[in-house]
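1. Okay, sequence plus prediction incoming.
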Amino acid sequence: MEKINLIATSTFGLEAVVKRELKNLGFEKQTVLDGSIEFEADLTDIPKLNINLRSADRILLVMGKFKAYSFEQLFDRTNQLPWGDVLPIDANFTVTGKSIKSTLYSVPDCQSIVEKAIVEKLKKKYKINWFEKTGAVYKVQVAILKDEVTLTIDTSGAALHKRGYRESQVIAPVKETMAAAMIDLSYWNKDRLLLDPCCGSGTIPIEAAMIAKNIAPGLDRKFVSEDWDIIDTQAWKNARKEAFSAIKTDIVPKIQASDIDPHAIEIARQNAENAGVDDVIEFNVRPFNKVKLTEKYGVCISNPPYAERMGVLDEVEQLYRDMGKLFCADKTWSVYIITSHEGFEKLYGRRADKKRKLFNGNVKIDYYQYFGERPPKK
């Protein structure tokens, strides 16, 4: 195979963040759709993308795209694709699927047809009638949207938000990919104080520290395509070596994280240690009404409790009022909050300068952005 097409999937609303990350990695030509960005690459780019992308959910290898209005068309056009160029004789492949607003609406039937078409193609390639499926894992997906079929193979395995450092967590944490995107969408940089006063298991401050020190999010985990024959193991070694050498060991960002729950802080400290950034984050057990702003031009990025997940509406709403009182009193601070509470702005006491609709898991949330004064130029 020479040039290939890849898809970086993302949470709805974060496509622009992933697009910017891809551009920074050198991938200029992109097609952006809801929840995905498609782009051209080389096979040797798969390691670099999986290791370095912070806000994407998965990297998918595109095998083909076509229209299909019948099972016969689905079988024939799937069978025409070069499956033997990717799947070895012992490939342990499975087929998952989804179908939206399409003639072929039965997902189990579509999965079965695609699997049969792949098997028939591989029979001709390897001249055998039975496949043991004892080798590397290949997760094929058939996705049909308005009769347009897209066939992909997942290169990531476990979703990219699973960095490996979060061995323990509190209830309803923000995903690592979401936390990284929240930071990317803010005005925070390594020279400004970052505060997370409701840090839970520490995901936001940990991701901020990793960004500041340029620690690649996938540096210490394994990906399913590492076992694929079509990607040279040297490509994985090179990508990890490059990512490791890019770490900025001399950077010491100012990050403060606190939570009312002592157990949450204990978990956060351990997670930060696992991520290798415990030395640059100051953790404290502290209720929000005891939080003090220790300097000007700081940035607060936080995922405070939602009423839905705490079940104590009065406490949540009082927390939002306290946030407004603290931060509105200092116009130099910028504040970024995600919550599903539709009355947040009224409780906070100020309309957001910008608001973005997102999803934290299956919960629809808003990302409220309050811009403080810019720090003076040095």
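-> Yes, it's here. Numbering: from 1, shown residues only.
2. Within its sheet, name the partner strands of the strand or helix carrying residue 59 and how each one runs.
-> Using DSSP states H and E, residue 59 sits within strand 58-67. Neighbouring strands of strand 58-67 in its sheet, by DSSP bridges, are strand 4-9 (antiparallel), strand 148-154 (antiparallel).
3. distance of residue 282 from residue 303?
-> Computed with CB to CB, to the nearest Å, the distance linking residue 282 and residue 303 is 18 Å. Yep, even glycine has a C-beta here, placed from its N, CA and C like the rest.
4. if we can go back for a sec, rounded mean pLDDT for the strand holding residue 59, please.
-> Average pLDDT, strand 58-67: 98.
5. before we move on, what about stretch 100-115?
-> On average, the pLDDT along stretch 100-115 is 97.
6. Please apply the same query to stretch 364-371.
-> What stretch 364-371 shows for mean pLDDT is 96.
7. For it, what is the distance to the chain centroid?
-> Centroid separation between stretch 364-371 and its chain, computed with CA atoms, centre = their mean, to the nearest Å, is 18 Å.
8. buried sites along it?
-> Buried residues in stretch 364-371, defined by neighbour count with 16 or more other CB atoms under 10 Å: 365, 366, 367, 368, 369, 370.
9. mind listing what residue 147 touches?
-> 67, 68, 69, 102, 103, 104 (CB atoms under 8 Å, 6 or more residues apart in numbering).
10. Filter those down to the buried ones.
-> Burial by neighbour count, 16+ other CB under 10 Å: within the contacts of residue 147 this picks out 68, 102, 104.
11. Pull the distance from the strand holding residue 59 to the chain's centre.
-> Offset of strand 58-67 from its chain centre (CA atoms, centre = their mean): 19 Å.
12. ok, so of the buried ones among the contacts of residue 147, who is nearest residue 199?
-> Of all the buried ones among the contacts of residue 147, residue 199 sits closest to residue 102, with 43.3 Å by CB to CB.
13. any idea of the mean pLDDT in the strand or helix carrying residue 241?
-> Taking DSSP H and E as the definition, one finds residue 241 inside helix 233-245. Per-region confidence: helix 233-245 scores 98 on mean pLDDT.
14. Note down every partner strand of the helix or strand immediately after that helix in the chain and its orientation.
-> Remark: after helix 233-245, the chain's next helix or strand is strand 255-259, criterion DSSP H and E. Here strand 255-259 is paired, per DSSP bridges, with strand 194-196 (parallel), strand 281-285 (parallel).
15. Rebuild the ones you listed as TSV, extending it with mean neighbour count, mean pLDDT and distance to residue 53.
-> Converted to TSV, the strands paired with strand 255-259 look like this (neighbours: other CB atoms under 10 Å; pLDDT from 0 to 100; distance: least, CB to CB, whole Å):
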stretch	mean neighbour count	mean pLDDT	distance to residue 53
strand 194-196	26	98	21
strand 281-285	17	98	23
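16. want to try JSON lines for those, with distance to residue 171 as columns?
-> Below are these laid out as JSON lines (distance: least, CB to CB, whole Å):
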{"stretch": "strand 194-196", "distance to residue 171": "17"}
{"stretch": "strand 281-285", "distance to residue 171": "17"}
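17. Quickly find the element holding the most centrally placed residue in the chain.
-> Centroid-nearest residue in the chain: residue 177, 3.1 Å away (criterion: CA atoms, centre = their mean). For residue 177, the host element (DSSP H and E) is helix 176-184.
18. Give me the residues contacting that helix.
-> Residues external to helix 176-184 that are found in contact with it (CB under 8 Å, 6+ apart): 10-11, 14, 17, 20-21, 54-57, 159-163, 166, 174, 203-204, 206-208, 211, 217, 301, 303, 336, 338, 358, 360, 367.
19. quick one: the residue nearest to the centre of the chain and residue 263, what's the gap?
-> Distance, residue 177 to residue 263, by CB to CB: 25 Å.
20. next SSE after the helix or strand of the chain with the lowest mean pLDDT?
-> None of the helices or strands of the chain scores lower by mean pLDDT, DSSP states H and E than helix 307-310, at a mean of 58. In the C-terminal direction, the helix or strand that comes right after helix 307-310 (DSSP H and E) is helix 313-328.
21. where in the stretch 251-378 of the chain is pLDDT low?
-> For the stretch 251-378 of the chain, applying pLDDT under 70 flags the ranges 307-311.
22. Closest to residue 258 out of the contacts of residue 147?
-> Using CB to CB, residue 102 comes nearest to residue 258 of the contacts of residue 147, at 49.0 Å.
23. What pLDDT does the model give the closest residue in space to that closest one that isn't next to it in sequence?
-> Spatially, and ignoring its direct neighbours in sequence, residue 102 is nearest to residue 144 (4.4 Å; CB to CB, 6 or more residues apart in numbering). Note for residue 144: predicted pLDDT of 97.
24. what secondary structure does residue 144 sit in?
-> When classified by DSSP: H, G, I helix; E, B strand; the rest coil, residue 144 comes out as strand.
25. where's it relative to residue 192, distance?
-> From residue 144 over to residue 192 the distance is 46 Å, taken as CB to CB.
26. Looking at the two, which is more packed in?
-> Ranked by neighbour count (other CB atoms under 10 Å), residue 144 and residue 192 place residue 144 first, with 23 against 20.
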